[in-house]
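[1] Provided below are the primary sequence and the corresponding predicted coordinates.
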Amino acid sequence: MYGDPFIPFVEWFPIFRARGYKIVYDALDDFEAFPEIGLYFTNLDAEKFLVAQSDLVVAVSTTLVQKLTQWNPRAPIQLLRQGFDADLFRAPQPFISAPSTERSPQRSTPPQRSTPPQPSTSAPSTERSPQRST
């Protein structure tokens, strides 16, 4: 359908190796099973070559690890499952503290008024109060 996905990468291997790069094959799918779903672009020999030539092979399932290990028992194959941590994608929850079982200490200051004081409607007096003599 789309052509062989491995051939272009395999042709670059000598250039990568000459420049000191390591080659990692990330085996995400069992390409050999693709014809079962109507896709026919696999090249089993090219995939076996990738497994043999890669410095590391990462496979997403134990079934795939077993299959690739059968092709090359000495290949450095590691299992790295697909997935994600759902907790990283949850909306943050509001912080609610648990009720305390200890007695709270007595307040040293009176509680604040629940309503602000109302402004006075009368104008402030500018007269001074007479002072009494004793």
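    Received it, and whenever you're ready, just let me know what you need. Residues are numbered from 1 along each chain as shown.

[2] Could you use CA atoms for every contact and neighbour count after this?
    OK.

[3] if you go through this structure in chain order, where are the helices?
    For the chain, the helices defined by DSSP state H occupy 7-18, 44-53, 62-71.

[4] Quick check: which of these is buried the most?
    helix 44-53 (a mean of 17; mean count of other C-alpha atoms under 10 Å).

[5] Convert that one to CSV, retaining C-alpha atoms only.
    Extracted in CSV, the C-alpha atoms of helix 44-53 (Å, rounded to 0.1, in the frame of the first residue of the first chain):
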residue,chain,number,x,y,z
LEU,A,44,10.2,-9.4,7.5
ASP,A,45,13.8,-9.6,6.4
ALA,A,46,14.2,-5.8,6.9
GLU,A,47,12.7,-6.0,10.4
LYS,A,48,15.0,-8.9,11.3
PHE,A,49,17.9,-6.8,10.0
LEU,A,50,16.8,-3.9,12.2
VAL,A,51,16.7,-6.2,15.3
ALA,A,52,20.2,-7.6,14.5
GLN,A,53,21.8,-4.2,13.7
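
[6] Assess the claim that Ala59 and Ile77 are in contact.
    Yes. Contact criterion C-alpha atoms under 8 Å: Ala59 and Ile77 qualify, at 7.1 Å.

[7] joint contacts of the two?
    Shared contacts of Ala59 and Ile77 (C-alpha atoms under 8 Å, 6 or more residues apart in numbering): Val65.

[8] just to revisit the earlier point, let me know which of the helices of the chain is the nearest to Ala27.
    Smallest distance to Ala27 across the helices of the chain (C-alpha to C-alpha): 7.8 Å, for helix 62-71.

[9] Tell me what angle the closest one forms with helix 44-53.
    80 degrees (axes from the mean of the first three to the mean of the last three C-alpha atoms, to 10 degrees).

[10] quick one on the thing from earlier: and the helices of the chain as CSV, adding distance to Gln82 and mean pLDDT?
    Formatted as CSV, the helices of the chain follow (distance: least, C-alpha to C-alpha, whole Å; pLDDT from 0 to 100):
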stretch, distance to Gln82, mean pLDDT
helix 7-18, 23, 83
helix 44-53, 19, 84
helix 62-71, 12, 91
